[in-house]
Structure formats: C-alpha cells, structure tokens
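J.: kindly generate the corresponding structure for this input.
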Amino acid sequence: MVVLVLNAGSSSLKVSLIDPGQRSRCAASDVLWSHSFDISIADSSDEQIEATIGEVLAKLEPSTKIDAVGHRVVHGGVKLVDTVFLDEDMMAEIESLSALAPLHNPPALKVVKAAMKVIPRPRHFVVFDTAFHAAMPMRSRLYPLPWSWYEEKQIMRFGFHGTSHQYCASRGAELMNKRADELLIVTAHLGNGCSLCAVRYGISCDTTMGYTPMEGLMMGSRCGSIDPGILIHVLKEGMSVDELDVTLNKQSGIAGISETGKDMRALMAARKNGDERAVLAFDVFVHRLNSGIGSMIASLGGLDALFFTGGIGENTAEVRASACLNLQWLGLSLDESLNVESSGDRIISASGSKIVAAVVEAREDLAITNEWLKLSAKS
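T.: Prediction:
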C-alpha cells in the first residue's frame, strides 16, 4: 500500500510518498520519498500546479503503484469533521468554506483539483485541520456572543492545525515511552501560523485559534487576538473591509511590528544585530506565547508535558527557552545543551524535571497517512 500525500500551503507544496506496508500505523521509516516545492499556489495557474504535480510523479519509480492520494485542508466547518473520500460534493463544501480560511482553503482546493486531473485513478481523500478539535466541549467552542450567531450563523471556535497537534501529542508521548491518552499535554505548533492546543488524555479540550486561523497567538503576518474595538475604530475611520482583511492577515504579527518580514529567521538575525524593533517583536511574540501556554494549562487543570513543533518550534531555541523559563515554577527544568545543540525528535527537559519538554518534527504527512489507514479499514 503506497500513499501519496500532497500537503498544500499558501506558498509551498509538501509531497511525501509513504509505504506503511501491513502496519496499522506508519512511522518516519515508512517514507519512501519527500520533497517541498516552493510555489505560490494562490498565484499559480491550474496548468502550473498540474505541471508541478507532474514533476512529482516523474521523480517516482516507474513501477510505483499509488494506492491513494491524501490531501490536507485547513477548514472543514461544522459538517466535515472526519477524514473522507473526495468527490464533487465534497469539493463544493470545501469551496464554500474558503471565506473562513482565505489563505488556506483556496490553495488546497486548487491542488486537489489539479491532482484529481493528473492522477485520476487512485482514490483521493482529505484530512481536515479542524477535525481534531471537533470534540472540544461547548465551553471551549462557544463565543460570548448572541446565541443566534451560533445557532443560525454557526459562528464558533473551530480551531486549526489539528493534524499537527494530534501527531505532535502522539509522537511526543512516544518519546516519553507513554501514550497521549495517559497525559495532560500542551502542544505548540509555531510556524508562520501559530497555535496551541490543550490535549487532555489524547483529546483536544481547548486551542488558541478560533472561527478563523487569525485568532490566538501572534504569528508571522497575522495579528492573533486583539481588542475587537480596534476593528470598529479603524472601520469608522474609513478603512475598507478588504483593506482591514489584508492588514490583519498579511501585514501584522512579526511582520507588522518588526518590518523585517514575517520570517522568524530574519527577525532573529536583526535582533542579534541590535535592531530595537526586532527585539520588541520577539518579546511580544514570547509574551503572548507564554500567556497562551498558561491559558492552556488552566484548561487542562495540570501539565505533564509541553511539546514544540513547526518551523519556529523546531528551529528557534530561544523561543523554547523563553517558554520553558516561565514554567520553572511548575517544576520544568530545561537541558540547555539538548535544547540548543541537538536536532530531530527529542526530549529537551532535564532528567529531574517534573514537566517533560520535547521537540517533535512536524510530520503532517505521517498523520495524514495514518488517517488513510483508518479510513481504508472501514471501507
């Protein structure tokens, strides 16, 4: 059984070919081939995306038989809470949710359509980032807004990065020689998009993103949570809704404060050189991260482990150190050498630490393939 995973982002297409064999759960050792294509999917034509997928197929052995093609879609809304096979009705439903995830659903849908055209025979399936959070209790999902907004408009907290949070919790628990359903875990997916998840015994019970992927932590170019009164103010001053949308999604966060761009690597370089705005942007990022972690711990009612994943979570030791420093009062002690000098999946807390801290490589491709194994077992 060979699964081709096409994981579309707004500016990249991550591709993996995975053969879990007869196993019920795949691991990194099952990856036959993996590559990331830097391509602005939103700005690419259908023909360009089809050509990129054709390039993927050209890299495979001629004898390779693909049994399924897996896709990740950010927003599944109220209805799409399970891994499902793709068809025209399903694609129409995904398209209807594009306004709620404008940076994510449209590019993913473009890749889905191109892939189904280029690779028509294997069954295509889709995993939704919102699905892992579908079991959150109503106290976590409901906004303090008029009830009719929830009942009639379906405005609620959906949460995102669920595919990553679920895998991170499971893999981090493995590093501890435990299972996720035995632990109280906070997972920190930190990249261009950032979110936290409170995972109580394997189930998401709270998260920082909400109705859209804009809520919560400060991000690369997204603002995260802000006073909604600010939005009313700038709209009254004459800013258009479209201008506000662009400002909040593409000109805020790290990029907005530092004006060095949205990349944490560029921010860290500017910070090292003494750029005051870069220093301030880093401090705000860490402050909001620490506040969010505290909120997730309160939702859990305790903490056994803190796991970091995503581009920033995996590669920026200073962010991890700052987050762990603020949890010393809970008994979390960081092993500085493991945090700074090592790489890959690893525990970074000291041997005597009461709370375990770990780094987990973001492997949504493995999580998507594991979902295929569950789906295929049912069909």
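J.: so which strand or helix has Pro245?
T.: Careful, residue 245 is Asp; it's not Pro. Counting by DSSP states H and E, the element that carries Asp245 is helix 241-250.
J.: tell me the buried residues in that helix?
T.: Within helix 241-250, the residues that count as buried by 16 or more other C-beta atoms under 10 Å are Thr247, Leu248, Asn249. Quick note: C-beta positions are derived from backbone N, CA and C, even for glycine.
J.: for the nearest residue to the second one once chain neighbours are set aside, what are its contacts?
T.: Pointing back at Leu248 there. Distances taken as C-beta to C-beta, 6 or more residues apart in numbering put Cys223 closest to Leu248, at 5.1 Å, once the chain neighbours are dropped. Neighbour list for Cys223: Met214, Leu248, Ser252, Gly253, Gly256 [criterion: C-beta atoms under 8 Å, 6 or more residues apart in numbering].
J.: same question, Ala377
T.: By C-beta under 8 Å, 6+ apart, the residues touching Ala377 are Ser24.
J.: read off the pLDDT value for it.
T.: At Ala377, the model reports a pLDDT of 83.
J.: sorry, back to before: kindly provide the distance from the residue nearest to Leu248 to Ala42.
T.: Cys223 sits 20 Å away from Ala42, going by C-beta to C-beta, to the nearest Å.
J.: ditto for Leu97
T.: Between Leu97 and Ala42 the distance, using C-beta to C-beta, works out to 16 Å.
J.: cool, and Ser24?
T.: Remark: distance between Ser24 and Ala42 (C-beta to C-beta) = 37 Å.
J.: more neighbours, the two?
T.: Of the pair Ser24 and Ala42, Ala42 is the one with more neighbours under other C-beta atoms under 10 Å, namely 15 against 9.
J.: and the strands in the stretch 1-150 of the chain, which stretches?
T.: 3-8, 12-18, 31-38, 68-73, 84-85, 123-128 (DSSP state E, counting those that start in this stretch).
J.: I'd like these written out as CSV, with mean pLDDT and distance to Thr369 added.
T.: Listed next are those as CSV, based on pLDDT from 0 to 100; distance: least, C-beta to C-beta, whole Å:
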stretch, mean pLDDT, distance to Thr369
strand 3-8, 92, 5
strand 12-18, 89, 5
strand 31-38, 86, 9
strand 68-73, 93, 6
strand 84-85, 89, 15
strand 123-128, 93, 10
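J.: Ser353 is nearest to which of the ones you listed?
T.: Minimum separation from Ser353 across the strands of the stretch 1-150 of the chain (C-beta to C-beta) falls at strand 31-38, 31.2 Å.
J.: show me what that closest one is packed against.
T.: Applying 3 or more C-beta pairs under 8 Å, 6 or more residues apart in numbering; DSSP states H and E, one finds that strand 31-38 contacts strand 12-18, helix 46-58, helix 364-378.
J.: kindly report the domain assignment for this structure.
T.: Domain ranges of the chain: 3-128, 178-359, per automatic domain parsing.
J.: okay, those in CSV with distance to Ser170 next?
T.: Below are the domains of the chain laid out as CSV (distance: least, C-beta to C-beta, whole Å):
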stretch, distance to Ser170
domain 3-128, 9
domain 178-359, 5
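J.: of all the ones you listed, which one is nearest Leu373?
T.: Closest among those, using C-beta to C-beta: domain 3-128, at 6.1 Å.
J.: what's the end-to-end length of that closest one?
T.: Distance between the two ends of domain 3-128: 17 Å, counting by C-alpha to C-alpha, to the nearest Å.
J.: could you do stretch 264-282 as well?
T.: From its first residue to its last, stretch 264-282 covers 9 Å (C-alpha to C-alpha).
J.: picking that back up, by mean pLDDT, show me the worst of the domains of the chain.
T.: The weakest mean pLDDT among those belongs to domain 3-128, with a mean of 86.
J.: so what secondary structure elements neighbour the helix or strand following the helix holding Asp245?
T.: Helices and strands here follow DSSP H and E; after helix 241-250, the next one along the chain is helix 253-258. Applying 3+ C-beta pairs under 8 Å, 6+ apart, one finds that helix 253-258 contacts helix 264-272, helix 276-300.
J.: tell me the buried residues in helix 253-258?
T.: Gly253, Ile254, Ala255, Gly256, Ile257, Ser258.
J.: residues contacting it, please?
T.: 218-224, 260-264, 267, 270, 275, 277-278, 280-281, 284-285.
J.: let's go with 6 Å and repeat that
T.: When contacts are defined by C-beta atoms under 6 Å, 6 or more residues apart in numbering, helix 253-258 is touched by residues Met218, Met219, Gly220, Ser221, Arg222, Cys223, Gly261, Lys262, Leu267, Arg277, Ala278, Ala281.
J.: got JSON lines for the residues you listed, with distance to Val81 too?
T.: Listed next are the contacts of helix 253-258 as JSON lines, based on distance: C-beta to C-beta, whole Å:
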{"residue": "Met218", "distance to Val81": "28"}
{"residue": "Met219", "distance to Val81": "25"}
{"residue": "Gly220", "distance to Val81": "28"}
{"residue": "Ser221", "distance to Val81": "28"}
{"residue": "Arg222", "distance to Val81": "24"}
{"residue": "Cys223", "distance to Val81": "27"}
{"residue": "Gly261", "distance to Val81": "36"}
{"residue": "Lys262", "distance to Val81": "30"}
{"residue": "Leu267", "distance to Val81": "36"}
{"residue": "Arg277", "distance to Val81": "41"}
{"residue": "Ala278", "distance to Val81": "40"}
{"residue": "Ala281", "distance to Val81": "36"}
